[in-house]
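> could you work out the structure for the sequence below:
(3 chains)
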Amino acid sequence: MINAVGRDIPEEVMAATGRDIFRGTYVNDNKEYTKAAPTVRAVCDPKRSKMVASIREAIEKCGLKDGSTVSFHHHFREGDYIVNMVMTEIHEMGLKDITVCASSLGKAHDAIVPFIEDGTITSIYSSGVRGKIGEAISNGKLKNIAVMYSHGGRVRAIEEGRIHIDAAFIGAPTADEYGNLRANGGKSNCGVLSYAYADAQYADKVVAITDTLVPFPNIPASISMVNVDYVCVVDEIGNPNKIATGAAKPTTDLRKLLMAQYCTDFVVAAPYYKDGFVYQTGVGGASIASTIYLAEKMRKDNIHMSLGLGGIATPMVRLMEEGLIGKLVDTQDFDLGAVESIQAHPDRHIEITGSEYANPMNKGAYVNKLDYVILAALEVDTHFNCNVITDSTGLITGAQGGHPDTAAGAKCTIVISPLVQGRSPAVCTDVTTVTTPGETVDVVITDYGIAVNPARPDLMEAAKNCGAPLYTIEELRDIAYSIVGEPRKIKFGEKVVGIVEARDGTIIDVVRQMQEYVFDD
Amino acid sequence: MIDESKKKRLRRSMLFLNCQKPSLIRDPYVYKPDSIMLDLEDAVAENQKDAARFSLYHALQEINYRGVERVVRINGIDTPHWQEDIRVCVAGGCDVIRIPKCTCANDVAIVEEAVYNAEKEFGKEEGSVLLMAALESCLGVINAFEICKSSERLIGVALSGGDYTKDLQTHITFTGIELAGARQQMIIAARAAGVQCFDTVFTNLDDMEGFEAETEMIKLMGFDGKSLVNPRQIPVVHKVFTPTKKEIITAEKIVREIDTKKALGIGVFTVDGKMIDIAFYDGAKRTLMLAKAAGVYEGDLV
Amino acid sequence: MELLHAASAGTMESSDALVTVSPAENGISLSITSPVIHQYGEQIKKVVLERLEALEVKNAEITVVDKGALDCTLKARVEGAVFRACDAADAGIPWGGAVK
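Residues are numbered from 1 along each chain as shown, chains lettered A, B, ... in the order given. Reported below is the predicted structural model:
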């Protein structure tokens, strides 16, 4: 069936995954539904301990069996040890057909690939996958179709009961023996535990894993003891150097600076640039540079941001400290500066849950209040659809993250990308994989110029005044093709190895098995 | 025939690029330099001179540089490479050849003859390729005037500070003291000969303030532009070379006054009540050209 | 042109290609790897074969390790490798003739 972004979704994939096709970003507005609920085992006896001696003991006490679903968060980023520790234990116990429901998976988890190959893990739900897991899925090694959801989409899936978690394994920088979990004060601080909150609330069993057990009460807690069944102490939950890295050096790459300048000038020229605006940006070189340029404008114009949202890095922290940003509302910390800030400024730098951030089916998430979001993309097409997960060989190599959530929520969604990278055109006729629907993308900024979605004529004036050459999206594509040539479509195999879930759980696109290229004759 | 408008075009910024690096030469025009200088000389290793020429040829033939002038720095006439360099430059159709280590008018004449022969060999119009001379030695600097007058094709001279200061038995100090004499000598020679003059590179990329100060100084000295090692330096140079609003208004008045009065056969010109000389005319035109290039003048006087 | 020995041109840097040619007996054998093989594999192949034909290279084994090079770079690398393999890369190149 053809969905709202023109992708043909095979009916057998709809049947196999029990999902409808994507019918539009806002079709569920006003929809009423009943949330799921976990099965809880009460702790009434004050003498009962929650401490377990090992991860093995925790798994056994959770009653995991073949076919169970386990969940993980990705706040430890590329420094995470939790997923590998738990999955190795599950593998050694001989369990099969396990579903891994992670907020995201990366190169840190290459070690679980053998468990995909031997049938320990047969389903994966994740924002995206990088490294060897991506290769395994793209090469058809996972038994069931992988599901890639957005950060908001994941919380929705859990709250709606589309995913039922049997046991959540929550890595916590600090924990007390009764399961109050904090993201700070330990050896491997990650600042916030936003994406683990839904797991703690909706999983039947919740296991806290820490390397720093602190005296009761470990409060204010990100995850409360009322949701935690077991506490397990291990030597190391992660590699601190990869969890909270040093602040990225501001880029000196003029191409990125050029795009940053265009972006900032557009933001300032657009109608939402006024005192109290709400803003989210990424941590790429161009994003950070545009934050720095924007700050110069804000100082000059005496305009303040009321709220900076999402993943936080040092440049946004500095603006808050300077008073240019009122509140930082945080779902993930990208560097040490952000981790330190959330401890230093509890009044202004606030941790929120994944649901508060981006869930499309609660009573209104923070993303809905965004004026601007600055995003990157591997590809944008002439319908403004974006691809953030598959590369030029068809390999799954990225994550949706909050891309579709913030794009859907923001009044003005700006996607920045160099027009050509290597020989890959960033603006093309049809993206390889749709992750973010074009109806939610307003402006594309490249090193060659800017294009505005024709659905947003109200932004044309700002685009004319931002100093960047103004093009239609088709013109940008034509420039790209005039440099690199018109690309052929990637040839995939027949087998569908993954689906890209829209925020509401419908199928926006499928990813097929990679195939070695064969020349024409 | 030499195209005078091509010869006298605006050259505020001339960005050095290594011919042997495809990632550098594929689209430098996004940074909007006035000219790029594709280097076959120092940036290219001795054993890659041949490969660099193939890259250069196809870049010149196939990449649309969108109006950015394409200068090629060939290898010195004391090397085994320069003659083939000239053949590829002419066949590929570059705009200007930059002669390194130029010491006297005869050096230009040697290159010019080879260019002429290559134009014949490849069926190009005579004068299709212009020349510029880099002065990199005390002898070159002292001979600046004869070099500036050496050829119809010559658009101007450029100082190469690194080699020059070695010859002078000193080094780059970033104060400008060691280059003061050469700069002064060269700009005077260039103006006397009616050609352009370009300043040397500024290599400390971490000192953008020092770079801006040096650019302001050479602009005040009369230079037309500067050789650049990094695209980050382009906007700074263009900013320095952008005339002020007041300068633009005055220039407009001068051009209009002189154009109208001359048409009427009147030889006395006044602007804002002050008598002005015909000698103001070229300067005023140049101000408007700079303003137009910087996007701050949209009139039709240039 | 008759290849005298193996030679290569180019690098493994982004936007470049490393092209290696060596003498062979029976016609042209070509191997291409590229991060954009799906999109541009046929184009890369076409450019390489056209260059060999223009240079009248009849027998050669050619390896192209592409790193996202544009056509102009691919051409330059093929020609560079071939002329080097013929010990003819330094002077007298037929610019605008066989090299086009």
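> what secondary structure does B:V157 sit in?
Following DSSP: H, G, I helix; E, B strand; the rest coil, the label given to B:V157 is strand.
> wait, it sits on B:M186?
Yes. B:V157 lies in contact with B:M186 (Cβ atoms under 8 Å); the separation is 5.7 Å. To be clear about C-beta, it is placed using only N, CA and C from the backbone, and glycine gets the same treatment.
> quick check: neighbours shared by those two?
Listed contacts common to B:V157 and B:M186 are B:L135, B:A144, B:C197; contacts here mean Cβ atoms under 8 Å, 6 or more residues apart in numbering or on different chains.
> and the gap between the residue lying closest to C:I93 once chain neighbours are set aside and chain A?
Sequence neighbours aside, C:V99 is the residue nearest to C:I93 in space, at 5.8 Å (criterion: Cβ to Cβ, 6 or more residues apart in numbering or on different chains). From C:V99 across to chain A, the span is 21 Å (Cβ to the nearest Cβ, to the nearest Å).
> do the same with B:G67
13 Å.
> find the nearest non-adjacent residue to that residue, please.
Going by Cβ to Cβ, 6+ apart, B:G67 has B:Y29 as its nearest residue, at 7.6 Å.
> that neighbour: how many residues sit nearby?
Using other Cβ atoms under 10 Å in any protein chain shown, B:Y29 is surrounded by 16 other residues.
> just the closest residue of the stretch 151-300 of chain B to chain C, please.
Across the stretch 151-300 of chain B, no residue is closer to chain C than B:P231, which sits at 15.9 Å (Cβ to the nearest Cβ).
> and that residue, helix, strand or coil?
Following three-state DSSP, we place B:P231 in the coil state.
> so what does it look like in phi/psi?
phi -60, psi -20 (degrees, to the nearest 10).
> per-residue confidence at A:T472?
Listed pLDDT for A:T472 reads 98.
> ok so, going back, just put the shared contacts of B:V157 and B:M186 in JSON lines and tack on distance to chain A and pLDDT.
What follows is those, written out as JSON lines (distance: Cβ to the nearest Cβ, whole Å; pLDDT from 0 to 100):
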{"residue": "B:L135", "distance to chain A": "29", "pLDDT": "98"}
{"residue": "B:A144", "distance to chain A": "33", "pLDDT": "98"}
{"residue": "B:C197", "distance to chain A": "26", "pLDDT": "98"}
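> considering those, which possesses the most neighbours?
With neighbours taken as other Cβ under 10 Å, the top of these is B:L135, carrying 31 neighbours.
> what's across from that residue in the sheet?
Counting by DSSP bridges, B:L135 is bridged to B:L159.
> you'd agree it is up against B:L159?
Yes. Using Cβ under 8 Å, B:L135 is in contact with B:L159, at 5.9 Å.
> so in chain C, which helix runs the longest?
In terms of residue count, the longest helix belonging to chain C (DSSP state H) is helix C:37-54.
> what number of residues lie near A:V452?
The burial count for A:V452: 23, using other Cβ under 10 Å.
> who touches it in this structure?
Neighbours of A:V452 in contact, by Cβ under 8 Å, 6+ apart: A:D442, A:V443, A:L459, A:M460, A:A463, A:L470.
> need the residues you listed in CSV with secondary structure, distance to chain C and neighbour count, can you?
Below are those laid out as CSV (DSSP: H, G, I helix; E, B strand; the rest coil; distance: Cβ to the nearest Cβ, whole Å; neighbours: other Cβ atoms under 10 Å in any protein chain shown):
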residue, secondary structure, distance to chain C, neighbour count
A:D442, coil, 27, 24
A:V443, strand, 26, 27
A:L459, helix, 31, 22
A:M460, helix, 32, 13
A:A463, helix, 29, 23
A:L470, strand, 26, 15
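> ok, of the residues you listed, which one's closest to A:D166?
Nearest to A:D166 out of the contacts of A:V452 is A:D442 (Cβ to Cβ; 41.0 Å).
> what distance do you get for the closest one to A:I473?
Using Cβ to Cβ, to the nearest Å, A:D442 is found at 11 Å from A:I473.
> shared neighbours of those two, anything?
Common contacts of A:D442 and A:I473 (Cβ under 8 Å, 6+ apart): A:F384, A:N453.
> mind listing what the spatially most central residue of chain C touches?
With distances taken as Cα atoms, centre = their mean, the residue of chain C nearest its centroid is C:V78 (2.0 Å). Shown in contact with C:V78 (Cβ under 8 Å, 6+ apart): C:A9, C:V19, C:V21, C:V47, C:V48, C:R51, C:L52, C:I62, C:V64.
> what's the end-to-end length of stretch B:220-229?
One end of stretch B:220-229 sits 21 Å from the other (Cα to Cα, to the nearest Å).
> sec struct for the spatially most central residue of chain A, please.
Most central in chain A under Cα atoms, centre = their mean is A:G401, positioned 1.6 Å from the mean C-alpha point. Going by three-state DSSP, the secondary structure assigned to A:G401 is coil.
> quick one: it from B:I254, how far?
To B:I254, A:G401 is 59 Å away according to Cβ to Cβ.
> what does A:E117 give?
80 Å.
> ok, now C:D16?
Distance from C:D16 to B:I254, by Cβ to Cβ: 51 Å.
> cool, A:V278 as well?
51 Å.
> rewinding a little: possible to save the shared contacts of B:V157 and B:M186 as a markdown table with distance to C:H5?
Rendered in a markdown table, the data for these read as follows (distance: Cβ to Cβ, whole Å):
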| residue | distance to C:H5 |
| --- | --- |
| B:L135 | 42 |
| B:A144 | 48 |
| B:C197 | 48 |
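> give me phi/psi at the closest residue to A:N302 other than its chain neighbours?
Closest residue to A:N302 apart from its sequence neighbours, by Cβ to Cβ, 6+ apart: A:D275 at 7.8 Å. Dihedral pair for A:D275: phi -50, psi 130, per degrees, to the nearest 10.
> right, and A:D275 touches A:I303 too?
Yes. A:D275 lies in contact with A:I303 (Cβ under 8 Å); the separation is 5.2 Å.
> which of these two has more neighbours?
Counted by other Cβ under 10 Å, A:D275 and A:I303 do not tie: A:I303 has more neighbours, with 16 against 11.
> off-centre distance for stretch A:183-190?
21 Å (Cα atoms, centre = their mean, to the nearest Å).
> first vs last residue of that stretch, how far apart are they?
5 Å.
> in it, what counts as buried?
Buried residues in stretch A:183-190, counted by 16 or more other Cβ atoms under 10 Å in any protein chain shown: A:A183, A:N184, A:G186, A:S188, A:N189, A:C190.
> pretty sure the first one contacts A:A172?
So that's A:A183. Yes. Judged on Cβ under 8 Å, A:A183 makes contact with A:A172 at a distance of 7.4 Å.
> picking that back up, of the buried residues of stretch A:183-190, closest to chain C?
A:C190 (32.7 Å).
> who are the contact partners of that closest one?
A:C190 makes contacts with A:H75, A:F76, A:R77, A:P173, A:A183, A:G238, A:I243, A:A244, A:D333, A:V339, as judged by Cβ under 8 Å, 6+ apart.
> what residues does chain C put near chain A?
Contact residues, chain C versus chain A (Cβ under 8 Å from any Cβ of the partner chain): C:14-15, C:35-43, C:45, C:67-71.
> find residues that contact each of A:A183 and A:A172.
Common contact partners of A:A183 and A:A172 (Cβ under 8 Å, 6+ apart): A:L193.
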